[in-house]
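Enquirer: Sequence plus predicted model, see below.
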Protein chains: 2
Amino acid sequence: MLTSSDKSNELFLGIDGGGSKCKAIIMNKDNKILGTGISGPGNPLHGFEQATHSITESAKLALEDAGLTHIALSELVAGVGLAGVNIPVLFDKMADWHHPFKTIHLATDLLIACLGAHDGGDGAVIISGTGSCGFSCVDEQHSIVGAHGFPHGDKGSGAWFGLQGVKQVLLSLDGLVEPTLMSAVLLQKLNCKDDTDLVEAVASQKATFYAQQANLVFDAAELGDEVALAIVNEGAEYINSIARTLMAKNPPRLSMLGGLTPRLKSWLADNIKSNLAEPLHEPEVGSVLFARQQEAKKSVQQSA
Amino acid sequence: MLTSSDKSNELFLGIDGGGSKCKAIIMNKDNKILGTGISGPGNPLHGFEQATHSITESAKLALEDAGLTHIALSELVAGVGLAGVNIPVLFDKMADWHHPFKTIHLATDLLIACLGAHDGGDGAVIISGTGSCGFSCVDEQHSIVGAHGFPHGDKGSGAWFGLQGVKQVLLSLDGLVEPTLMSAVLLQKLNCKDDTDLVEAVASQKATFYAQQANLVFDAAELGDEVALAIVNEGAEYINSIARTLMAKNPPRLSMLGGLTPRLKSWLADNIKSNLAEPLHEPEVGSVLFARQQEAKKSVQQSA
């Protein structure tokens, strides 16, 4: 059995804190995941209290899952990847947190996703889930494309595809654009009789709601619906342009991540599809890899 | 001096309750506005309590402005035009209100705007302010085009133009579309150094924020900026299509209303511009005209 004295220095906590959930893993020095935990939103964009609570909670759950409840949080070196900390004020707020861990290494969700996808090495990632963006890490230079948010950005994301679908259905129900196969499906899915119901159903909806409507746009496009095809092609072309911007940085590997990947990948340009490599690990593993790299730098600095 | 006994039957209250403010007027039988009042949001989409409070408050202010504080609210026949009451659940909620007036006649903001613009007669209106829509009232048949809300609808509105402008600026700062004159103006206006600042400044912003950015899109278009021109032409073309849909109903008059009218009108198709007639009264006058029409119907029914 592991005890606090002989193993704690070799246990790492990896956190991937997103807008809907916070994932935690406990990993040993041999890259074995000993336990995982999932809690609520871990994204400081939606509040500092919520984020820090979710991070701590998911860490405790991961320790419990690993059968390591005798290990204190204060013995863990934590790599914490969070959406939003590219914004300086949020980074500073999180960095000032009186956290319960031994050490904390804070990174953006993009960096840990990229490190995870490429086993800690250089590379680039295209992400299309609820939101969209591109990120590269080559020779310690980081570069972001997109990541602008909804509804003003995040083109080619689930929320963007869903929003375009809803827009076109509303316009077609008014007779202002050609009819679309998406109309009947959307009305039925949202339990709406007519466009008045639909206007009510979509009032004040957020990105996650629209992301849930993305699949019906792809379904209609695959059936040859002209309106849906135009949306899918426009979104895919934006993702192509993100990929081209990333490829200009000469990353050794390029991966595509996020929930929309299975639907969207086949619509990308051939020379981009053929360049995509499978991601090697999940983002929370990237958090551990990041923490280890930072600890290694620290010990080099200390011994120098 | 007017007294409660001799005049109250002839005094009408007209309410125009919108998302940012609620306007009230007191009007006598000779169509003279005796007083006006303005209070907070009067739109039940943003809460029943707020809406009913604003309606009552603006009515009291209008009585005060008219020097009629000795007249009780319970003596006023009220015409109340509200955004959102086209949605049945909100109409029912407002209709069930234990209001302080003698009688209440509830109508949509669109109907009272149309009645106001055409002095109580048939006609149609195109509205482009923060939101956008079309409405016609011909032979007692009402028809709505658009009015879908933001960000999924309201094309050709202030919020839509502002959102398109912000989107294109963000894409151009990433090098994904051609540079635009709007970039420097937007960054300066929002006090941003770079695109990271801009992403932070626009995070979670609502329709009213985007509507405040509409003017800079028109400014850039008028200077020949290609990106802004494409936005303005696309928005204007949508408003043209609303106008054509309305004109197919053969309204005797067509007017354009809303805060964006002065900027947008000149971009519309010539045969639409030449069809536009100046609106005759404000929407709150339309509320009084509506209340009078309903009272007249009631007395016809009672005498029949």
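Expert: Cool, the structure landed. Residues are numbered from 1 along each chain as shown, chains lettered A, B, ... in the order given.
Enquirer: Surely A:H152 touches B:A201?
Expert: No. The criterion here is CB atoms under 8 Å, and A:H152 misses it with B:A201 at 10.6 Å. C-betas here are computed from N, CA, C, even on glycine.
Enquirer: which of the two has more neighbours?
Expert: Taking other CB atoms under 10 Å in any protein chain shown, A:H152 and B:A201 do not tie; A:H152 has more neighbours (23 against 16).
Enquirer: can you tell me the residue of chain A closest to chain B?
Expert: When scored by CB to the nearest CB, chain A has A:P151 as its residue closest to chain B, at 3.8 Å.
Enquirer: That residue contacts B:G162, doesn't it?
Expert: No. Proximity of A:P151 to B:G162 does not meet the contact threshold set by CB under 8 Å, at 11.6 Å.
Enquirer: Would you point out the helix or strand in chain A whose mean pLDDT is lowest?
Expert: helix A:4-7 (a mean of 44; mean pLDDT, DSSP states H and E).
Enquirer: Got the domain ranges for chain A?
Expert: As given by automatic domain parsing, the domain ranges for chain A are A:4-119+A:281-303, A:158-273.
Enquirer: Can you tell me which of these has the worst average pLDDT?
Expert: In terms of average pLDDT, domain A:4-119+A:281-303 trails the rest of these, at a mean of 91.
Enquirer: Could you dump the domains of chain A into JSON lines and include distance to chain B?
Expert: JSON lines is the format used below for the domains of chain A (distance: least, CB to the nearest CB, whole Å):
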{"stretch": "domain A:4-119+A:281-303", "distance to chain B": "5"}
{"stretch": "domain A:158-273", "distance to chain B": "5"}
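Enquirer: residues touching A:G47, list them.
Expert: A:P41 (CB atoms under 8 Å, 6 or more residues apart in numbering or on different chains).
Enquirer: can you give me phi and psi for it?
Expert: Backbone geometry at A:G47, expressed as degrees, to the nearest 10, gives phi 120, psi 130.
Enquirer: just A:V217 next, same as before
Expert: phi -70, psi -40.
Enquirer: Would you check that A:L13 makes contact with A:E75?
Expert: No. A:L13 is beyond contact range of A:E75, at 9.8 Å (criterion: CB under 8 Å).
Enquirer: out of those two, which sits in the more crowded spot?
Expert: For A:L13 versus A:E75, the count of surrounding residues by other CB under 10 Å is larger for A:L13: 28 against 18.
Enquirer: part of a helix, is that one?
Expert: No. Counting by DSSP: H, G, I helix; E, B strand; the rest coil, A:L13 is not found in a helix; it is strand.
Enquirer: That one bridge partners, please.
Expert: Using DSSP bridges, the bridge partners assigned to A:L13 are A:I26, A:A78.
Enquirer: wait, what's in contact with it?
Expert: Applying CB under 8 Å, 6+ apart, the residues near A:L13 are A:24-27, A:59, A:62, A:76-79, A:101, A:288, A:291.
Enquirer: quick one on the thing from earlier: so between A:P151 and B:G162, which is more surrounded?
Expert: Neighbour count, other CB under 10 Å: between A:P151 and B:G162, B:G162 has more, with 27 against 21.
Enquirer: Helix or strand: which one has the more buried one?
Expert: helix B:158-173 (DSSP states H and E).
Enquirer: Helix or strand next in line after that helix, which one?
Expert: Later in the chain than helix B:158-173, the nearest helix or strand by DSSP H and E is helix B:182-189.
Enquirer: which stretches of the stretch 51-200 of chain A form strands?
Expert: A:77-82, A:103-108, A:123-128, A:132-138, A:141-146 (DSSP state E, counting those that start in this stretch).
Enquirer: Let's have these in TSV, adding mean neighbour count and distance to B:N86.
Expert: Listed next are those as TSV, based on neighbours: other CB atoms under 10 Å in any protein chain shown; distance: least, CB to CB, whole Å:
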stretch	mean neighbour count	distance to B:N86
strand A:77-82	27	42
strand A:103-108	21	44
strand A:123-128	28	36
strand A:132-138	25	34
strand A:141-146	18	37
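Enquirer: Determine which of those approaches A:I71 most closely.
Expert: strand A:77-82 (12.0 Å; CB to CB).
Enquirer: tilt between that closest one and strand A:103-108?
Expert: Angle, strand A:77-82 to strand A:103-108, by axes from the mean of the first three to the mean of the last three CA atoms, to 10 degrees: 20 degrees.
Enquirer: Convert the C-alpha atoms of strand A:77-82 to PDB, please.
Expert: Taking Å, rounded to 0.1, in the frame of the first residue of the first chain, the C-alpha atoms of strand A:77-82 are listed here in PDB:
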ATOM      1  CA  VAL A  77       1.800  18.800  -7.200                       C
ATOM      2  CA  ALA A  78      -1.000  20.100  -9.300                       C
ATOM      3  CA  GLY A  79      -1.100  20.900 -13.000                       C
ATOM      4  CA  VAL A  80      -4.300  23.000 -13.600                       C
ATOM      5  CA  GLY A  81      -5.500  23.800 -17.100                       C
ATOM      6  CA  LEU A  82      -8.400  26.300 -17.200                       C
END
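Enquirer: Other residues contacting the helix or strand harbouring A:E237?
Expert: Element membership of A:E237, judged by DSSP H and E, is helix A:226-247. Applying CB under 8 Å, 6+ apart, the contact partners of helix A:226-247 are A:124, A:126, A:128, A:132-136, A:143, A:145-146, A:155-156, A:160-161, A:164-165, A:168, A:172, A:177-178, A:180-182, A:217-221, A:254, A:264, A:267-269, A:272, A:275, B:174-176.
Enquirer: buried subset of those?
Expert: If you count burial by 16 or more other CB atoms under 10 Å in any protein chain shown, the buried members of the contacts of helix A:226-247 come out as A:124, A:126, A:128, A:132-136, A:143, A:145-146, A:155-156, A:160-161, A:164-165, A:168, A:172, A:177, A:180-182, A:217-221, A:254, A:264, A:267-268, A:272, A:275, B:174, B:176.
Enquirer: if we can go back for a sec, as JSON lines, the strands of the stretch 51-200 of chain A with distance to B:V232 would be great.
Expert: Compiled in JSON lines, those are given as follows (distance: least, CB to CB, whole Å):
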{"stretch": "strand A:77-82", "distance to B:V232": "39"}
{"stretch": "strand A:103-108", "distance to B:V232": "36"}
{"stretch": "strand A:123-128", "distance to B:V232": "30"}
{"stretch": "strand A:132-138", "distance to B:V232": "26"}
{"stretch": "strand A:141-146", "distance to B:V232": "25"}
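Enquirer: that older thread, to B:L110, which of the domains of chain A lies closest?
Expert: domain A:158-273 (12.9 Å).
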